[in-house]
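Undergrad: fold the following.
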Amino acid sequence: IGAIAFKGCANLERVTVADSVTEIDGGAFEGCTSLKYVNIPHSVTEIRTNLFKDCTSLVDITLPNSVTRIWGDAFKGCTSMKSITIPGSVTEMEAAFYGCTALESVTMERGVPSIGFAAFQDCTGLKNVTIPDTVTTIEGQAFWGCTALESVTIPEGVTTIEKLAFAECENLKYAALPDSVTSVDGSAFFGCPNLQGVATIPAGMTRIANGMFDGRTDLTSFVIPDHITEIGYWSFRDCTNLKSITIPNSVTVIGNSAFMGCSGLTSITIPSSVTTIEAWAFAGCRGLTSVFIPDSVTEIQVHALAGGNISDIYYGGTEEQWKAIQGDGKDMPHTTIHYNSAGPAPGPILKAREDKQTIYIDGKAVTFTTYSVNNGGVNYVRLVDLAQGLSGTAASFDVKWNAQKEHVELKSKSPYTAGTPGETPYHGEMVYETVIGPTYIDGAAKNLEAIRFEYQGGGYTYYKLRDLGEALGFNVGWDNANERIYLETDKPYDPAN
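TA: Okay, here's the model as predicted:
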């Protein structure tokens, strides 16, 4: 069928292509605004440029598994198409479905190796995407502007997520990255203000991508894993609620503007592995009043620590070494440099108090062993204890520890399967540290604040009850008249209670 053979046939509604046809040239059905149904035979291997462009009534088309390439703009402007299945035979599909605004569901069958450049850009109605584990690359702008997309599961096997792949997906909340990912462009999730799920760094990455967490105001604490050697530029820029960051002893470079504008950051420990702190790295971190810099650092670039309130720098080397790596400190005229220092005096030891807390679950009294901080102002509970307490209710959930990936996995609306929790080997007041690490709920990463105890070589973690209520979908409240905590398992979390 030749190029533009039926272009603009406004009354054409149905097309059945004979098995003898092997090629349909570009634009053959372009602008057939009444075309609703098309049958493509197995003899066809390519869906060419503009083939069905602006077929605004097209709702149903089945692509045979003989198709290997879907050319650019093949379905552009097909504004009535609601779903499409991409057969596993397809190896190329650049800009194929650009602007299909009614497209809600995309299924890619196993065998598809990559999602092409701008393949689904501006598919503003897209809600569900199934990506097979044969995909290794999500190319640039693949899902740019898919504003209805709230979550996406990126399977193990994907290694590369390119520039602007999910940019401007303004309602995207969860997009957990598998350990197979080795490269994520810093702009891959640009303009995704509600994104929470990308809060972990895959084991395959050695460098935090430029801008990977840029502007993420949901982050309050972050632990960088020890397979990271470099923190890219803008990595955590303007994470204004970030209060603590743990940098492992594997990192050698802290990139340009990496933590610039992190105004909530109150402390930072730079490990002895770091050799370079690039320009503007901690500029504008107004919550920082002191910093320890080890003598392993051989270069501090211009304005790396400028624009804040740093009054003291504790430097592990000599005055001569400091001048060699930083100059005479013109950026910080009011900062005192402490040479040959091991760092500031340690802060106070934090302790949590053990309590027996009666919590009313759907009206039934259940006693928990909890730990409280701030003189009882904040209560923390063990996950397994809460899971057992909620077992059989509308908010029942299961708890598992993924030893391979070293994180907790929760499954909501599921029976608790681990049995009666064992007694803890510790009691009374415990020294704790505040941690925020990835807890996976129904496969999506959530950053939940917790307190952690170390006891006889083991680690024990307790979570805020309100955070769990919000994350798992049950209500937590305080009964002021009876002075007691209550849970309502059949009601959504309400922060006003």
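
Undergrad: okay, now W322: neighbour count?
TA: Residues near W322, counting by other CB atoms under 10 Å, number 21. For the C-beta atoms, the positions are set from N, CA and C on the backbone; glycine is no exception.

Undergrad: doesn't V384 fall inside a helix?
TA: Yes - the assignment for V384 is a helix, going by DSSP: H, G, I helix; E, B strand; the rest coil.

Undergrad: next up, the contacts around it.
TA: Contact analysis of V384 by CB atoms under 8 Å, 6 or more residues apart in numbering lists 399, 418, 421.

Undergrad: ok, the second one touching D398?
TA: It refers to A418. Yes - under the criterion of CB atoms under 8 Å, A418 makes contact with D398 at 7.5 Å.

Undergrad: between these two, what contacts are shared?
TA: A387.

Undergrad: follow-up on the earlier one: quick one: buried ones out of the contacts of V384?
TA: 399, 421 (16 or more other CB atoms under 10 Å).

Undergrad: and which of the contacts of V384 is nearest to A306?
TA: Ranked by distance to A306 (CB to CB), the contacts of V384 are led by V399 at 45.8 Å.

Undergrad: so where is the protein shaky, pLDDT-wise?
TA: 196-199, 327-331, 333, 345-347, 375-377, 437-438, 456-458 (pLDDT under 70).

Undergrad: please redo it, this time with the cut-off set to 50
TA: The model of the chain has pLDDT under 50 over residues 328.

Undergrad: how close does N256 get to G232?
TA: 9 Å (CB to CB, to the nearest Å).

Undergrad: so which bits of stretch 258-267 are buried?
TA: Going by neighbour count (16+ other CB under 10 Å), the buried part of stretch 258-267 is 258-265.

Undergrad: quick one: terminal-to-terminal distance for that stretch?
TA: Start-to-end span of stretch 258-267 (CA to CA, to the nearest Å) is 15 Å.

Undergrad: residues of stretch 302-321 that come out buried?
TA: In stretch 302-321, counting by 16+ other CB under 10 Å, buried: 303-308, 310, 313-317, 321.

Undergrad: how about these in a markdown table, adding distance to T79?
TA: As requested, the buried residues of stretch 302-321 are exported to a markdown table (distance: CB to CB, whole Å):
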| residue | distance to T79 |
| --- | --- |
| H303 | 50 |
| A304 | 51 |
| L305 | 53 |
| A306 | 51 |
| G307 | 49 |
| G308 | 51 |
| I310 | 55 |
| I313 | 59 |
| Y314 | 62 |
| Y315 | 62 |
| G316 | 63 |
| G317 | 65 |
| Q321 | 65 |
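
Undergrad: inside helices: which ones of these?
TA: Q321 (DSSP state H).

Undergrad: quick check, nearest of the buried residues of stretch 302-321 to E470?
TA: Each of these was checked against E470 using CB to CB; the closest is G308, at 32.6 Å.

Undergrad: could you find the closest non-adjacent residue to V373?
TA: A352 (5.1 Å; CB to CB, 6 or more residues apart in numbering).

Undergrad: what sits against that neighbour?
TA: A352 neighbours (CB under 8 Å, 6+ apart): 371-373, 380, 429-430, 432, 451, 453, 462.

Undergrad: among these, which one has the most neighbours?
TA: Y462 leads these on contacts (other CB under 10 Å) with 24 neighbours.

Undergrad: so that one lies in a strand, does it not?
TA: Yes - if the criterion is three-state DSSP, then Y462 is within a strand.

Undergrad: that one against S372, yeah?
TA: No - applying CB under 8 Å as the test, Y462 and S372 come out as separate, 9.8 Å apart.

Undergrad: one step back: could I get the contacts of V384 as JSON lines with distance to S83 and secondary structure?
TA: JSON lines is the format used below for the contacts of V384 (distance: CB to CB, whole Å; DSSP: H, G, I helix; E, B strand; the rest coil):
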{"residue": "V399", "distance to S83": "36", "secondary structure": "strand"}
{"residue": "A418", "distance to S83": "39", "secondary structure": "coil"}
{"residue": "P421", "distance to S83": "45", "secondary structure": "coil"}
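
Undergrad: and the contacts of V384, which is closest to S412?
TA: V399 (10.9 Å).

Undergrad: and the helices in the stretch 251-400 of the chain?
TA: Applying DSSP state H, counting those that start in this stretch to the stretch 251-400 of the chain gives helices spanning 319-326, 383-390.

Undergrad: ok, A148 - contacts?
TA: With CB under 8 Å, 6+ apart, A148 has these contacts: 104, 124-127, 171.

Undergrad: where along the stretch 1-150 of the chain do the strands fall?
TA: 14-16, 37-39, 46-47, 60-62, 69-70, 83-86, 105-108, 114-115, 128-130, 137-138 (DSSP state E, counting those that start in this stretch).

Undergrad: check which residues of the second one are buried.
TA: Same thing as strand 37-39. Buried-residue list, strand 37-39, by 16+ other CB under 10 Å: V38.

Undergrad: show residues contacting that strand.
TA: So strand 37-39 is in contact with 13-17, 29, 52, 58-62, going by CB under 8 Å, 6+ apart.

Undergrad: now, among those, which is nearest to D214?
TA: Ranked by distance to D214 (CB to CB), these are led by F52 at 38.0 Å.

Undergrad: wouldn't that closest one be in contact with S80 here?
TA: No - if you go by CB under 8 Å, F52 and S80 don't touch, sitting 11.2 Å apart.

Undergrad: on that earlier part again, of the contacts of strand 37-39, buried ones?
TA: For the contacts of strand 37-39, buried by 16+ other CB under 10 Å: 15, 29, 52, 58, 61.

Undergrad: a markdown table for the residues you listed, including distance to L410?
TA: As requested, the buried ones among the contacts of strand 37-39 are exported to a markdown table (distance: CB to CB, whole Å):
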| residue | distance to L410 |
| --- | --- |
| V15 | 50 |
| F29 | 49 |
| F52 | 44 |
| L58 | 42 |
| I61 | 40 |
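
Undergrad: returning to that earlier point: pull up the overlap in contacts between F52 and S80.
TA: L58.
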